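[1] can't give you the sequence, but here's the structure:
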Ligand code: SF4
């Protein structure tokens, strides 16, 4: 099995394949949440080697879905003796599961009265199990939004020793947090002690050392001249996407906006708390930046200082430009609450963008939205919708079902035009689009000539050629240009 299905995704898919039947639904007890990191997982000094893959039958696509995530959990699970974790069944009493690699034990603990949101819960569990070493703990948890929607995410933590606080990254896509919550799991905690290059038991430690050193040196030398990820993370993508007409704006109607400079790298580089921000040990890209002492102006943390993990590019585009918000602080607040509530920022952003366009086109109105005027750019309404999603209340409960289900609900209950919704509801197989305008682009094909060729997806329009077969460009899209597709507007 290890040879054929090598890698975290392979392990997960093998386990899931053996766990479910062809007619298994996401709510069935036999649906399995599988978490694995893969053979390189846990090797310090490589970006991405702390990642885990989470797999399950998704509530949003009703099919197999996987989502990858940083944080220390995958490596700690593996060092404790497990290449992969598979959870089946359901419990009526919420459980905290401890995988303790230090004391070599697994515990299932019934829990009651623990905080609902992941922000407070993950910090509390880290302190509880740390035994004086908070860096030895990683927590996986969801949040109330995962319970009340189909677009719940999972938060995977690591301990930031410099800032003395628990930080997290998200397995955002496909509602993995919703499956987790549906099973009745409150949190999974992994505990491990110190890590060095030998902990992952490499076949050739000396060779690994040499390659890791070269790799790290290259990143340290080139990153400051290129994307500056160690300083500004993925916010560098905002001006690039905007320049190439690819930044989703107003529900993917446009790829550019004059306000993009207010929500990109130039702004967040001043807001990010300076310092090392690797979500796994030894990562030299260290892109996982955050904002210290942010004070939300709505919701349960209103008026309190919090640490925001992010935003990354897709959160900025999803919870910013795509819903017409060009205010970096509102994006921070959306980011903070999505994580704390256990909600996927991409599905939240693209879902709200859809209902805003429906509202602007008159397909839905305030009698459907509970009085919310869902115009593009209405910051207060977007935040209110987010809080409603987390509590499973009001119109937020409907939005939390995802775009595909909203299309059916709006047509059946509000008499909205299905054809227009099909045109403007940006989902594929039920999953909300990620934050890139993916209409049409041009690549520079090195095999044919240096002239750009029109290109859609994997199909090359040069006669007789298929870009997936040629692959001379090694998948590198050298030049992108969006060609706008006119929208059919209602009468
Ligand atoms: S900090 Fe960024 S680059 Fe490094 S492992 Fe985490 S996500 Fe990857």
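    Structure received. What you see is a predicted model, and the numbers here were worked out from it, not measured in a lab. Numbers count the residues shown, from 1 in each chain.

[2] pretty sure residue 14 belongs to a strand, no?
    No: assignment of residue 14 by DSSP: H, G, I helix; E, B strand; the rest coil gives helix, placing it outside any strand.

[3] ok, it touching residue 5?
    Yes: Residue 14 lies in contact with residue 5 (Cβ atoms under 8 Å); the separation is 4.6 Å. No exception for glycine: its C-beta is placed from N, CA and C like everyone else's.

[4] in contact with residue 285, which residues are there?
    Counting by Cβ atoms under 8 Å, 6 or more residues apart in numbering, residue 285 touches 47, 219, 223, 229-230, 278.

[5] which one among those gets closest to residue 413?
    Using Cβ to Cβ, residue 229 is the member of the contacts of residue 285 that sits closest to residue 413, with 45.4 Å.

[6] distance of that closest one from the ligand?
    To the ligand, residue 229 is 7 Å away according to Cβ to the nearest ligand atom, to the nearest Å.

[7] make residue 1 into 24 and carry on from there
    From this message on, residue numbering opens at 24, which makes the last subject residue 252.

[8] and the pLDDT at that residue?
    According to the predicted model, the pLDDT of residue 252 comes to 95.

[9] show me the contacts of residue 308 that map onto helices.
    Residues of the contacts of residue 308 located in helices (DSSP state H): 242, 252-253.

[10] drop anything exposed from these.
    When burial is judged by neighbour count using 16 or more other Cβ atoms under 10 Å, the buried members of the ones in helices among the contacts of residue 308 are 242, 252-253.

[11] for the closest residue to residue 423 other than its chain neighbours, the count of nearby residues, please.
    In this structure, residue 423 finds its nearest non-sequential neighbour in residue 172, 2.9 Å apart by Cβ to Cβ, 6 or more residues apart in numbering. Neighbours of residue 172 under the rule other Cβ atoms under 10 Å: 31.

[12] residues touching residue 172, list them.
    The contact partners of residue 172, by Cβ under 8 Å, 6+ apart, come to 198, 201, 366, 412-413, 415, 420, 423-425.

[13] 7 Å - rerun?
    Contacts for residue 172 (Cβ atoms under 7 Å, 6 or more residues apart in numbering) come out as 201, 366, 412, 423.

[14] now for these: which two are most distant?
    Of all pairs drawn from those, the greatest distance, 11.7 Å, lies between 201 and 412 (Cβ to Cβ).

[15] follow-up on the earlier one: turn the ones in helices among the contacts of residue 308 into JSON lines, including distance to residue 51.
    Shown next, in JSON lines, are those (distance: Cβ to Cβ, whole Å):
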{"residue": "242", "distance to residue 51": "44"}
{"residue": "252", "distance to residue 51": "41"}
{"residue": "253", "distance to residue 51": "44"}
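
[16] closest to residue 269 among the residues you listed?
    residue 252 (19.0 Å).

[17] that closest one reaches residue 243, doesn't it?
    No: taking Cβ atoms under 7 Å as the definition, residue 252 is not a contact partner of residue 243, at 11.3 Å.

[18] isn't there a strand covering residue 65?
    No: note on residue 65: no strand contains this position according to three-state DSSP, which reports coil.

[19] what is the burial count for it?
    Taking other Cβ under 10 Å as the criterion, the count of residues near residue 65 is 26.

[20] residue contacts, it?
    Contact partners of residue 65, counting by Cβ under 7 Å, 6+ apart, are 72, 97-98, 101-102, 222-223.

[21] again, but for residue 146
    With Cβ under 7 Å, 6+ apart, residue 146 has these contacts: residue 189.

[22] distance of it relative to residue 421?
    Applying Cβ to Cβ, to the nearest Å, one obtains 32 Å for the distance of residue 146 from residue 421.

[23] can you check residue 68 too?
    The spacing between residue 68 and residue 421, counted by Cβ to Cβ, is 46 Å.

[24] what about these two, which has more around it?
    When residue 68 is set against residue 421 and neighbours are counted by other Cβ under 10 Å, the residue ahead is residue 421, at 24 against 19.

[25] quick one: which of the contacts of residue 65 is the most crowded by neighbours?
    Using other Cβ under 10 Å as the neighbour test, the contacts of residue 65 are led by residue 97, with 33 neighbours.

[26] just give me the neighbour total for residue 320.
    Here the number of neighbours of residue 320 (other Cβ under 10 Å) works out to 13.

[27] and the pLDDT for whichever residue of the stretch 374-514 of the chain sits closest to the ligand?
    For the stretch 374-514 of the chain, the residue positioned closest to the ligand under Cβ to the nearest ligand atom is residue 457, at a distance of 15.9 Å. In the prediction, the pLDDT value recorded for residue 457 is 92.

[28] for it, grab the count of nearby residues.
    Residue 457 - counted by other Cβ under 10 Å - has 19 other residues nearby.

[29] same question for residue 113.
    Other residues within reach of residue 113 by the criterion other Cβ under 10 Å amount to 14.

[30] just residue 456 next, same as before
    Counted by other Cβ under 10 Å, the residues lying close to residue 456 total 23.

[31] for the closest residue to it other than its chain neighbours, list the residues it contacts.
    By the measure of Cβ to Cβ, 6+ apart, the closest residue to residue 456 outside its immediate chain neighbours is residue 449, 4.1 Å from it. If you count contacts by Cβ under 7 Å, 6+ apart, residue 449 has them with 274-275, 373, 377, 426, 455-456.

[32] just the buried ones from those, in PyMOL syntax?
    Here the buried members of those are turned into a PyMOL selection, burial being counted by 16+ other Cβ under 10 Å:
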select buried, resi 274+275+373+377+426+455+456
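
[33] next step: the contacts of residue 449 restricted to helices.
    The helices in this structure, assigned by DSSP H, contain 373, 377, 426 from these.

[34] got any ranges where the chain has weak pLDDT?
    462-514 (pLDDT under 70).

[35] quick one: name the residues of it near the ligand.
    If contacts are counted using Cβ under 6 Å from any ligand atom, the residues of the chain sitting beside the ligand are 70-71, 73, 93, 301-303, 306, 308-311.

[36] sort out which of the residues you listed are buried, if you could.
    When burial is judged by neighbour count using 16+ other Cβ under 10 Å, the buried members of the residues of the chain next to the ligand are 70, 73, 93, 301-303, 306, 308-311.

[37] backbone dihedrals for the most centrally placed residue in the chain, please?
    The centre of the chain sits closest to residue 195, judged by Cα atoms, centre = their mean, with a distance of 3.3 Å. Backbone torsions of residue 195, given as degrees, to the nearest 10, read phi -90, psi -40.

[38] before we move on, what about residue 316?
    In this entry, residue 316 is assigned phi and psi values of phi 50, psi 40 (degrees, to the nearest 10).

[39] and it, what is it in contact with?
    Residues in contact with residue 316 (Cβ under 7 Å, 6+ apart) are residue 328.

[40] do the one 3 residues further on as well
    If a contact means Cβ under 7 Å, 6+ apart, then residue 319 has 325, 329, 356, 359 as its contacts.

[41] got the phi/psi numbers for the last one?
    The reference is to residue 359. Taking degrees, to the nearest 10 as the convention, residue 359 sits at phi -60, psi -50.

[42] ok, for it, nearest residue in space, not its chain neighbours?
    residue 331 (4.6 Å).
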